[in-house]
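A.B. asks: A predicted structure for the sequence below; I have some questions about it.
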Amino acid sequence: MVERKIFVAGEWRATGDTYQVRSPADNRLVADVHRARPGDIEDAVVAAQKAFDGTRSMATWERTSILRGIAAGIAG
């Protein structure tokens, strides 16, 4: 089993409140996932607004390049 923290404002957070995720195929426990609290959500909204403010003036091709780099990193 894996424990999954939440990623907020550039950091992984353990909230202390988790819920279990089970496989729909065999009901096997897949992970314990931390549940976001209201403060975590507020922090995420503030971080998103700051990120938007920082990229709003970028050219479309610059934002596209950044997002493609992120996607390539996720895809491995």
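C.D. replies: Looks like it came in fine.
A.B. asks: For Asn27, which three-state class applies?
C.D. replies: What DSSP: H, G, I helix; E, B strand; the rest coil gives for Asn27 is coil.
A.B. asks: Next, it: phi, psi?
C.D. replies: phi 60, psi 20 (degrees, to the nearest 10).
A.B. asks: How many neighbouring residues does it have?
C.D. replies: Per other C-beta atoms under 10 Å, the neighbour tally for Asn27 reads 8. For glycine as for every other residue, the C-beta is placed from the backbone atoms N, C-alpha and C.
A.B. asks: How far away from the center of its chain is the longest helix belonging to the chain?
C.D. replies: Of all segments of type helix in the chain, defined using DSSP state H, the longest is helix 38-55. Distance of helix 38-55 from its chain centroid, counting by C-alpha atoms, centre = their mean, to the nearest Å, is 12 Å.
A.B. asks: Give the buried residues for it.
C.D. replies: Of the residues in helix 38-55, those buried by neighbour count under the rule 16 or more other C-beta atoms under 10 Å are 40, 43.
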